[in-house]
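Undergrad: return atomic coordinates for the entry below.
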Amino acid sequence: MNRIYFDNAATTPLDTEVLHAMMPYLTTNFGNPSSIYSYGRETRMAIENARKTVAKILNAHPAEIFFTSGGTESSNTAINASVRDLGCKHIISSAIEHHATLHTVEHLHKTGEATVSYVNLLPNGHVDMQHLEILLQQSTEKCLVTLMHANNETGNMLDLHATGALCKKYGAIFHSDTVQTVGHFPFNLRNTPVDFITGAGHKFHGPKGVGILYINEKIKITPFVQGGSQERNMRAGTENLYGIVGFAKALELATAGYESESAYINGLRLYMMDALQKNLPGISFNGDPLGQSLYTVLSVNFPKTDKSEMLLFSLDMNNICASGGSACTSGADQGSHVIRAINNNPDNVTVRFSFSKHNTKEEVDAVVEKLQQLV
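TA: Numbering: from 1, shown residues only. Purely as a prediction, here's the structure:
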């Protein structure tokens with residue numbers, strides 16, 4: 001049996017066209033973009049063209065796009081700068097953020113640089129917008145609101161416009177971790193009230209180790225990484241040239257294929273939901289899968305039994321890649337902070353299936369059949 005890869009929210013395979021776009025910069029065009037001779041100017045041009053491409057697709061200004069090593073660095077930069085440069089002494093976040101956000105926020109709290117409040121979550125895992133407004137209203141300090149656009153485990157999506165409007169109303173800085181949505185949804189940053197967003201190439205068939213940070217042009221911050229004038233003095237270090245070229249190419253392809261691919265992938269997700277409900281009694285889904293949700297992610301709870309406790313391991317033994325995320329698990333695996341926050345049921349085993357344009361209904365059928373045997 002061929003391997004079935006249902007873990008696309010973790011990472012995606014590199015598109016052949018993206019690899020082709022990167023190849024010249026891995027071979028002949030190897031000049032340092034900071035060098036002044038023609039070899040350097042060629043690679044500098046490649047980076048600036050990539051920046052223009054990304055800016056155009058996101059409807060931002062090229063001067064607002066900075067290339068980083070990925071979503072984690074981008075979020076770290078935005079959150080640290082908000083506290084240290086923009087005077088945000090109170091951070092409002094949620095318990096279901098990616099660790100790149102949560103750990104950064106916790107660190108700033110530990111060092112005494114900022115106080116932290118966590119917004120309540122509704123039973124379906126969405127952010128309680130009324131509670132967010134109360135937190136903003138009551139704050140005596142300038143706030144940073146950092147809330148993800150789409151949750152990587154449940155797929156739940158935040159209303160960026162409504163959240164941004166609330167932040168504006170109370171003079172708060174708004175950072176959104178958009179790693180699961182850049183390359184998956186159209187953005188129009190010209191008319192989105194957000195100060196910082198992030199992206200990672202490997203979530204949409206681009207290379208690993210490259211990402212972006214969008215910094216709204218009204219915002220002035222200091223670099224997080226010191227040591228050189230790259231990225232317009234915002235990020236020191238020789239640029240990840242082929243990564244940057246690959247990121248822009250992957251974003252171009254994802255944007256061109258958005259209409260048909262998103263419909264196709266969502267079809268697979270709904271098909272799997274339906275098949276699971278018909279064939280496996282007692283299962284349930286996390287989040288809001290039929291509402292405001294990513295079309296790529298399906299988080300499934302299986303009733304806990306002796307067999308299902310080993311479910312991920314059994315799937316792996318059967319060449320099926322998916323990811324775990326139960327509320328509490330034994331030993332080294334600490335379980336998922338996200339599932340604990342919204343569905344703390346120790347009698348469930350949670351598996352996240354996430355899809356891409358390369359998956360098929362036949363694969364879904366094979367996985368559902370295998371799950372019937374395993375559960």
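Undergrad: pLDDT at the most centrally placed residue in the chain, what is it?
TA: Taking Cα atoms, centre = their mean, the centroid of the chain lies closest to residue 179, which sits 2.4 Å from it. At residue 179, the model reports a pLDDT of 98.
Undergrad: isn't it up against residue 202?
TA: No: with contacts defined as Cβ atoms under 8 Å, residue 179 does not count as touching residue 202, sitting 9.6 Å away. Placement of C-beta: from N, CA and C, glycine included.
Undergrad: can you name the element that comes right after the helix or strand of the chain at the bottom of the mean pLDDT ranking?
TA: The least trusted helix or strand in the chain, going by mean pLDDT, DSSP states H and E, turns out to be strand 323-324, with a mean of 88. Of the helices and strands lying after strand 323-324 in sequence (DSSP states H and E), the nearest is helix 337-342.
Undergrad: coming back round to it: need the three-state assignment for the residue nearest to the centre of the chain.
TA: The assignment at residue 179 comes out as coil when based on DSSP: H, G, I helix; E, B strand; the rest coil.
Undergrad: who's in contact with it?
TA: Contacts for residue 179 (Cβ atoms under 8 Å, 6 or more residues apart in numbering) come out as 71, 98, 148, 152, 198, 199, 200, 203, 211.
Undergrad: mind checking which of these are buried?
TA: Neighbour counting by 16 or more other Cβ atoms under 10 Å classes 71, 98, 148, 152, 198, 199, 200, 203, 211 among these as buried.
Undergrad: among the residues you listed, which are located in strands?
TA: 198, 199, 200, 211 (DSSP state E).
Undergrad: and the residues you listed, which two are furthest apart?
TA: 198 and 200 (7.2 Å; Cβ to Cβ).
Undergrad: if we can go back for a sec, of all the contacts of residue 179, which comes closest to residue 184?
TA: When the contacts of residue 179 are compared against residue 184 (criterion: Cβ to Cβ), the nearest one is residue 203, at 7.5 Å.
Undergrad: this protein: strands as residue ranges?
TA: With DSSP E as the criterion, the chain has strands spanning 4-5, 65-68, 90-93, 115-118, 143-146, 173-176, 196-200, 211-215, 284-285, 297-303, 320-321, 323-324, 348-354.
Undergrad: tell me which other helices or strands the least confident helix or strand of the chain touches.
TA: If contacts are counted by 3 or more Cβ pairs under 8 Å, 6 or more residues apart in numbering; DSSP states H and E, strand 323-324 sits against strand 348-354.
Undergrad: now the strand it packs on: average pLDDT?
TA: 94.
Undergrad: and the contacts of that strand?
TA: Contacts of strand 348-354 (Cβ under 8 Å, 6+ apart): 6-10, 153, 272, 284, 286, 296-304, 308-309, 311-312, 315, 322-327, 336, 339, 343, 367.
Undergrad: pLDDT and distance to residue 123 added to the ones in strands among the buried ones among the contacts of residue 179, as CSV?
TA: Below are these laid out as CSV (pLDDT from 0 to 100; distance: Cβ to Cβ, whole Å):
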residue, pLDDT, distance to residue 123
198, 98, 28
199, 98, 30
200, 98, 30
211, 98, 33
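Undergrad: hang on, the earlier thing: return the residues in contact with the residue lying closest to the residue nearest to the centre of the chain once chain neighbours are set aside.
TA: Once flanking residues are discounted, residue 179 sits nearest to residue 71: 3.9 Å by Cβ to Cβ, 6 or more residues apart in numbering. For residue 71, the contact set (Cβ under 8 Å, 6+ apart) comprises 98, 100, 177, 179, 198, 199, 200, 211.
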